[in-house]
Each structure stands twice: as C-alpha cells, then as structure tokens.
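Chemist: attaching a predicted model along with its sequence, questions to come.
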Amino acid sequence: MTAFDAGERRSWTGRAEAYAASFAKLCAYPVPQVLAAAGVEAGVRVLDVGCGSGTVTAAAVQCGATVTAVDAQPDMVALTSRSVPAADVRVAVLPRLPFEDDEFDAVVGNFVLNHVGTPLAALIELRRVTRPGGKIALTIWSAPAAAGAELLGRAVQASGAARPDYLPPISAEEDFTRDESGFTALLSAAGLSDVECQHLAWDHRATAEEWWNGPASGVAYVGQVLANSTPKTVKEIKDHFDRFSAEFLGPDGQLVLPHRALLASAIA
C-alpha cells in the first residue's frame, strides 16, 4: 500500500453516510454513460469497482445485469449491501482483487482511479478480471478542474490552511496527466485496446448548506482539512466559502456548480 492509499483509507473511513448525503449526488451524473460505454445490459456479468454508496451498482442491477461490487471501505460496502441487496458486495482493494482471470464481461469504475495510488497497476488488474473482448469503462475528474469543483479548494487556499501530513499527493512516478491524451495513454499502457475517451460537462445544483455539509462532515480532501484545523481556521474557510459561493448563486437560491470529467472505455 502506498502512502497515498493509506491516506485515502484513513480519510474515507466512516464517511459513507455523509458521502451519500452530499457528493454522491454529484458523482451520479455520469452513471448512464458509464454503463452504456461498458455495454451493461441484461445477463452481463458486471464488476463495479469502487462502488461507494452504490449508485452505479443499483443502476446496473436495474439493467438486468449480474452485479458484483467492491469498495475499499467496509462502511461503503455495508451501505451498498443494504441499498442494493441483489448485488454481491464485498470489501476489496485495488490493485489486488479476489476474482479469477476473465471473470467478468464488463468492469465499471466511477471516479475510482482518483482514489488509488497506483493507477496503472489498478488498470492491469481490471484487465485481468475482464474476459477477452469484454469492456471496461471508467471516469476521472479532469484537470484543470472546472470552476464549481474548485469552489471548496479556493476557500481552503484563501485561508492558508495546510494539507494534513497523512494525505500526501500521489507520487510523481505513478501519476498521469488528467486530460484526454493522458487518460487514453494510461489505458493503452495497461494493455487495453480500442480506447475511446470523451469529455463530460454538467452543472451540479445544490444549496450552499448541502455543499458545505459534506466536507463539514469530513468528506474528501477538504473535509480532512477542516477536521484537522482549529475552530478559527474553520471559520475563515467557511467565510471564504460563503463569499465565493455568491459567484454561483442561481435565481432559485441554489448554487449552480460547473463540473468536468473524462469517461474512457476500452476492450480487454
């Protein structure tokens, strides 16, 4: 396990319910496109890797697929097991999965690669468990991030709050360029063929309170910054957040937050 992976495990432990009530709604946007890109339909054996709160898992079950789902966090697995009882949900951590070679017809991963310290090794493992000719479809957050995705980070940066020591960035030798060419090259390096990549863009709508409550509950990087800051610093971050949020305020009082992602698909 890399230092990045260890930080991910620590930061997400116990956050399943808070994630489901906040950022899971944002991450749900690409789900139909991911399933379509992987060819998920009735009778297909699907692996949802990094299932989180189960949004992709539930949608794949609704397609009539036979679904196995895994996540590194036991509380995420428990939440998905309760909400999607038709799926086989297990704890498993990339890049080592407890499955036989060629076990699945399709593998999907919605933003999972943003949370692994060895993306290439993870992709090679996903190729291993996918049958020859089977499809893999994955999303990542693209860089540079869209304005809505940067809102919380801007507030942290304006406050001068420090990144927690236990959350190191991914190592330079394992990282890849988070654009279309970089994502495509990574999948090709993993031995996948017929790689295609498309840009996704959407406006996520949420109240300012909802958008703040996710990290205030410890969710994601900003949540860990808040959890490790003094009350004075937290107040400064919140003040900056309130000020910057005004830039995204819609006529109905909700925030309109532009986001961008990449969806790549390939054949094993």
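Modeler: Received it, and whenever you're ready, just let me know what you need.
Chemist: report all helices and strands that whatever helix or strand residue 79 lives in contacts.
Modeler: In the assignment (DSSP states H and E), residue 79 maps to helix 74-83. Applying 3 or more C-beta pairs under 8 Å, 6 or more residues apart in numbering; DSSP states H and E, we find helix 74-83 packed against helix 16-20, strand 66-71, strand 88-91. Glycine gets a C-beta too; all of them are placed from N, C-alpha and C.
Chemist: got a list of contacts for it?
Modeler: With contact meaning C-beta atoms under 8 Å, 6 or more residues apart in numbering, helix 74-83 is reached by 12-17, 19-20, 51-54, 57-58, 69-71, 87, 89-91.
Chemist: how distant is the longest helix along the chain from the center of its chain?
Modeler: In the chain, with assignment by DSSP state H, the single longest helix is helix 231-245. Taking the mean of its C-alpha atoms, helix 231-245 sits 25 Å from the chain's own mean (C-alpha atoms, centre = their mean, to the nearest Å).
Chemist: next SSE after that helix?
Modeler: Criterion used, DSSP H and E; the element after helix 231-245 is strand 255-267.
Chemist: just the buried positions in that next one, please.
Modeler: Buried residues in strand 255-267, counting neighbours by 16 or more other C-beta atoms under 10 Å, are found at 255, 257-267.
Chemist: again with stretch 92-105
Modeler: 92-95, 97, 99, 103-105.
Chemist: would you map the helices across this protein?
Modeler: Going by DSSP H, the chain shows helices at 3-12, 16-20, 23-27, 31-37, 55-62, 74-83, 119-129, 147-159, 180-189, 208-216, 220-227, 231-245.
Chemist: of those helices, which approaches residue 172 most closely?
Modeler: Comparison of those against residue 172 by C-beta to C-beta identifies helix 3-12 as nearest, at 11.3 Å.
Chemist: identify the residues contacting that closest one?
Modeler: With contact meaning C-beta under 8 Å, 6+ apart, helix 3-12 is reached by 1, 19, 72-73, 76, 93, 115-118, 164, 166-171, 174, 218, 220-221, 223-224.
Chemist: now the angle from it to helix 220-227?
Modeler: Put simply, helix 3-12 runs at 70 degrees to helix 220-227, going by axes from the mean of the first three to the mean of the last three C-alpha atoms, to 10 degrees.
Chemist: can you start the count at 15 instead of 1 from here on
Modeler: All right, first residue 15 from here; so that's helix 17-26.
Chemist: next, the buried residues of helix 17-26.
Modeler: In terms of neighbour count (16+ other C-beta under 10 Å), helix 17-26 has its buried residues at 18-19, 21-22, 25-26.
Chemist: if we can go back for a sec, CSV for the helices of the chain, including mean pLDDT and distance to residue 214?
Modeler: Below are the helices of the chain laid out as CSV (pLDDT from 0 to 100; distance: least, C-beta to C-beta, whole Å):
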stretch, mean pLDDT, distance to residue 214
helix 17-26, 95, 23
helix 30-34, 95, 20
helix 37-41, 96, 11
helix 45-51, 98, 7
helix 69-76, 98, 15
helix 88-97, 97, 23
helix 133-143, 98, 19
helix 161-173, 96, 12
helix 194-203, 97, 11
helix 222-230, 95, 20
helix 234-241, 94, 19
helix 245-259, 97, 23
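Chemist: for residue 58, which of the ones you listed is the nearest?
Modeler: helix 69-76 (8.3 Å).
Chemist: put the alpha carbons of that closest one into CSV.
Modeler: Extracted in CSV, the C-alpha atoms of helix 69-76 (Å, rounded to 0.1, in the frame of the first residue of the first chain):
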residue,chain,number,x,y,z
THR,A,69,-25.3,4.4,-7.3
VAL,A,70,-23.6,2.5,-10.2
THR,A,71,-24.4,-0.8,-8.6
ALA,A,72,-28.1,-0.1,-8.3
ALA,A,73,-28.3,1.2,-11.9
ALA,A,74,-26.5,-1.9,-13.3
VAL,A,75,-28.9,-4.2,-11.4
GLN,A,76,-31.8,-2.2,-12.9
